[in-house]
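Q: Predicted model and sequence below, questions to follow.
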Amino acid sequence: MSMPDLRETLRLLRGLQDLDRELYGVRDELKRLPAERVRRREKLGGDKDRLTELERRLFEVQSRVKEIEDLTTSQRQRVRKLESQASESRGDTALLVAFQHEIRTLRRDISEAEEEGLGLVEQAERITVERDEHRETLGKLEEEFAEYAANIEKELAEAEARRAELDIERSTRMGQALTPEMGTMYEKLLEAREGEALAELESRVCQGCFVSVPNNIYVRLARCTELVPCPSCGRILYLAAID
Ligand SMILES: [Zn+2]
């Protein structure tokens, strides 16, 4: 291979490398963006579950309050009935004592139930405040997510379009520039080194793996008669000065 040919090959490879670097970046975006969207949707789902849970608790407490109200209403009716029966039991002391005993028991039950009811009403108020705050926060989060999701759609569409452009550009260049063997070598290297098949040699240090190379590597590279891989990472080396 004559010197101009190799320089041309290296130039083409570097052009291809620039393109592939962008292509790898775009592919990463195409993976990262949907994954991020899933993560954020799950987080929002958790916030919605929290609202459902607060509403469920509020419903439970309010139902219990209603039960207590119904119970104490019927107990009060019973007390009134007993009081009227007691007032009609003139003379029958045993009956009067029995009525009074039942009335006292009922009044105590009513008083206890009312106390429990008050506690529950306070609890319901606290849950209502928390529920309302959470609902407001959730509303904002949902708005944010809708905006975010629309942006992601746009970014994904752009990345998809850019990938299509790069894919076309790439196959055109591959077809023109490289022998099949060199193309295969480049592809393997690209995959193995996650998108960086070439590395500049700067001050005798490979800029791909940052390992110093022996002097003879530099000499071979400067001679510019062959492709020289880095002995450490295998990337095709180039000298910035050559181009
Ligand atoms: Zn290296």
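A: Yep, that arrived.
Q: So in the chain, which strand runs the longest?
A: Assignment by DSSP state E gives strand 198-202 as the longest strand of the chain.
Q: Quick check: what element follows that one along the chain?
A: The helix or strand immediately downstream of strand 198-202 is strand 205-206, counting by DSSP states H and E.
Q: mind checking how far the next helix or strand after that next one is from the chain centre?
A: Using DSSP H and E, the helix or strand that follows strand 205-206 in sequence is helix 215-223. Taking CA atoms, centre = their mean, to the nearest Å, one finds helix 215-223 lying 49 Å from the centre of the chain it belongs to.
Q: again, but for stretch 41-52
A: With CA atoms, centre = their mean, you get 12 Å for stretch 41-52.
Q: Please, where are all the helices along the chain?
A: Counting by DSSP state H, the chain has helices at residues 3-87, 93-177, 180-192, 215-223.
Q: what's the closest of those to residue 201?
A: helix 215-223 (6.1 Å; CB to CB). C-beta here means a position set from N, CA and C on the backbone, and glycine is covered the same way.
Q: and stretch 196-211, which residues are buried?
A: 196-199, 201, 206-209 (16 or more other CB atoms under 10 Å).
Q: Out of those residues, which are close to the ion?
A: Among these, proximity to the ion is found for 206, 208-209 (CB under 5 Å from the ion).
Q: Domain parsing of the protein, as residue ranges.
A: 19-178, 179-243 (automatic domain parsing).
Q: Flag the shaky bits of the protein, pLDDT-wise.
A: For the chain, the stretches with pLDDT under 70 are 1-4, 177, 241-243.
Q: Residues of the protein that sit close to the ion?
A: 206, 208-209, 230, 232-233.
Q: Rebuild these as TSV, extending it with distance to residue 85.
A: TSV is the format used below for the residues of the chain next to the ion (distance: CB to CB, whole Å):
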residue	distance to residue 85
206	104
208	100
209	100
230	105
232	104
233	101
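Q: Can you pull up the most central residue in this protein?
A: Residue closest to the average C-alpha location in the chain (CA atoms, centre = their mean): residue 39, at 2.0 Å.
Q: what residues are up against residue 6?
A: Contacts for residue 6 (CB atoms under 8 Å, 6 or more residues apart in numbering) come out as 224-227.
Q: got the contact list for the longest strand of the chain?
A: Contacts for strand 198-202 (CB under 8 Å, 6+ apart): 13-14, 17, 206-209, 213, 217-218, 221, 230, 233, 235-240.
Q: swap in stretch 44-53?
A: By CB under 8 Å, 6+ apart, stretch 44-53 touches 131, 134-135, 137-138, 141-142, 145.
Q: Quick check on these: which are buried?
A: 131, 134, 141, 145.
Q: ok, back up a step: and which of the contacts of residue 6 is nearest to residue 26?
A: Nearest member of the contacts of residue 6 to residue 26, counting by CB to CB, is residue 227, at 27.0 Å.
Q: got the phi/psi numbers for that closest one?
A: Dihedral angles of residue 227 (phi, psi; degrees, to the nearest 10) stand at phi -80, psi 130.
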